[in-house]
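S.K.: Pasting a predicted model and its sequence here:
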Amino acid sequence: MAETPRGEAIRVLNIDDEQDQLEFIKIFMADIDPTIKIESTTSTSEALKKLNESQYDCIICDYQMPEMNGVVLAKLDKKTPISSILVGAVRRSPRSRGRARPSRSASPAAPG
């Protein structure tokens, strides 16, 4: 079990404007240690509210978000040690943008 020096489970705040990314991190972290407590939000203003109300051991934050970027958000948080803040970005290649994935039930096209 992952614990803080206080003997409590590690508390993580996960911030990303894309819901699927929040879910991915939650699943990934649960595989590492199911006792880690993860709170998620898609809003940086909601994240700042949570940071003012609670203490977190770690912050995982997207870089590029509509309200403000992750670096600005990290600088506004005065309670979490900077070494506990992870700001990341995933950039899709231009080739993958706009491509739909075929469904598993789709049958291959007949030869023409």
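M.R.: Structure received.
S.K.: Spatially nearest residue to residue 42 (excluding sequence neighbours)?
M.R.: Leaving aside its sequence neighbours, residue 42 sits nearest to residue 17 (C-beta to C-beta, 6 or more residues apart in numbering; 5.2 Å). Heads up, the C-betas are built off the backbone N, CA and C, glycines and all.
S.K.: and the one you found, that's in a helix?
M.R.: No. Counting by DSSP: H, G, I helix; E, B strand; the rest coil, residue 17 falls outside a helix, being coil.
S.K.: how about the strands of this structure, start to end?
M.R.: With strands called from DSSP state E, the chain shows them at 11-15, 37-41, 58-62, 85-88.
S.K.: shaky segments in the protein?
M.R.: 1-6, 82-83, 85, 89-112 (pLDDT under 70).
S.K.: Show me the helices in it, by range?
M.R.: 19-32, 44-53, 70-76 (DSSP state H).
S.K.: if we can go back for a sec, dump the strands of the chain to TSV, plus mean neighbour count and distance to residue 48.
M.R.: Formatted as TSV, those follow (neighbours: other C-beta atoms under 10 Å; distance: least, C-beta to C-beta, whole Å):
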stretch	mean neighbour count	distance to residue 48
strand 11-15	22	10
strand 37-41	17	10
strand 58-62	22	11
strand 85-88	16	13
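S.K.: All set now, cheers.
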